[in-house]
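Undergrad: structure, please.
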Amino acid sequence: MPTVGLQFETRSSDSPGIDSVWTCRSEQVAQMTSVATETWGLVFWSQGGTAHAAVTGPESRTGTAPVPEDATFVGIQFAVGTALRMATTASLVDGGIVLPDATRRTFWLDGHRWQRPHSEDAEALVQWLVRGDVVRRDPLVTQVVRGQGDLRAVSDRTLERRFRAVTGLSRGTVRQIERVRAAADLLTAGEVVSDVVDTLGYYDEPHLARALRRYVGRTAAQLREVLGGTIALDTGQRTTS
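TA: Here you go, the predicted structure:
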């Protein structure tokens with residue numbers, strides 16, 4: 001089911017550096033509710049024949065954001081554990097960077113011009129960015145996120161410091177955002193609130209309601225009934241690459 005005013009399509013990726021790749025078209029909408037996200041990204045859009053590009057940071061809370069009308073977007077959300085060389089992820093939280101000199105074919109990032117991607121070839125761009133050391137991956141943070149490897153030799157303080165340095169957020173905040181986004185997806189698909197509470201391990205319905213208010217900006221009823229205006233939440237089925 002598409003979001004009113006924003007027509008989303010999202011796919012997963014087999015690239016270890018990518019969380020998802022998405023496309024979107026805005027139609028007769030000037031403002032949206034933004035939803036907290038634990039990842040940073042690159043977004044490219046065209047409006048009225050003019051090309052734009054930006055780095056988007058993690059979002060620690062819900063809010064409102066302007067939407068270019070009648071624009072088409074391609075976005076890459078990077079996996080937790082990746083970071084830009086040119087800017088700390090902490091400096092990007094609840095913000096971002098508009099990239100200069102974007103064209104319909106290229107964009108400028110970290111001192112170099114790169115080929116502007118389509119949704120189908122986002123992996124090729126990320127591969128080049130990793131090879132050029134523009135995007136870096138922290139193997140320790142990746143292990144934490146995936147629950148892999150033996151981390152007993154690493155102190156909790158060290159893990160938390162590395163996690164904050166790479167993601168700009170605490171491990172607890174990342175887990176909360178991941179869980180509440182999953183809850184929003186289930187509710188928008190029509191799941192019963194009590195079932196969502198049980199499935200995702202919330203204490204009770206008020207606990208879920210507080211998380212939705214802080215990170216999504218909608219009540220459970222609004223999500224289930226698709227009310228409250230335009231929201232930056234992909235409510236369609238995610239496809240695989």
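
Undergrad: count of residues packed around residue 155?
TA: For residue 155, the number of neighbouring residues by other C-beta atoms under 10 Å comes to 10. Placement of C-beta: from N, CA and C, glycine included.

Undergrad: ok, now how distant is it from residue 206?
TA: From residue 155 across to residue 206, the span is 35 Å (C-beta to C-beta, to the nearest Å).

Undergrad: restrict the worst-scoring helix or strand of the chain on mean pLDDT to CA atoms and write it as PDB.
TA: Across the helices and strands of the chain, mean pLDDT, DSSP states H and E gives its lowest value to helix 139-146, namely a mean of 79. Coordinates of each C-alpha in helix 139-146 appear next as PDB, following Å, rounded to 0.1, in the frame of the first residue of the first chain:
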ATOM      1  CA  PRO A 139      34.000  -4.700  11.500                       C
ATOM      2  CA  LEU A 140      33.400  -4.600  15.300                       C
ATOM      3  CA  VAL A 141      30.200  -2.600  15.000                       C
ATOM      4  CA  THR A 142      29.100  -4.800  12.100                       C
ATOM      5  CA  GLN A 143      29.600  -7.900  14.400                       C
ATOM      6  CA  VAL A 144      27.600  -6.300  17.100                       C
ATOM      7  CA  VAL A 145      24.700  -5.500  14.800                       C
ATOM      8  CA  ARG A 146      24.700  -9.000  13.300                       C
END
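
Undergrad: in it, what's buried?
TA: Within helix 139-146, the residues scored as buried using 16 or more other C-beta atoms under 10 Å are 140, 141, 142, 143, 144, 145.

Undergrad: give me the nearest residue to the first one, chain neighbours excluded.
TA: Distances taken as C-beta to C-beta, 6 or more residues apart in numbering place residue 162 nearest to residue 140, at 5.4 Å, with adjacent residues excluded.

Undergrad: how far is stretch 60-74 from where the chain is centred?
TA: Put simply, stretch 60-74 sits 12 Å off its chain's centre (C-alpha atoms, centre = their mean, to the nearest Å).

Undergrad: pLDDT of that stretch, averaged?
TA: Averaged over stretch 60-74, pLDDT sits at 89.

Undergrad: now do the longest helix belonging to the chain: which elements does it pack against?
TA: Secondary structure assigned by DSSP state H gives helix 171-188 as the longest helix of the chain. In terms of contacts (3 or more C-beta pairs under 8 Å, 6 or more residues apart in numbering; DSSP states H and E), helix 171-188 is packed against helix 156-167, helix 193-200, helix 205-215, helix 220-225.
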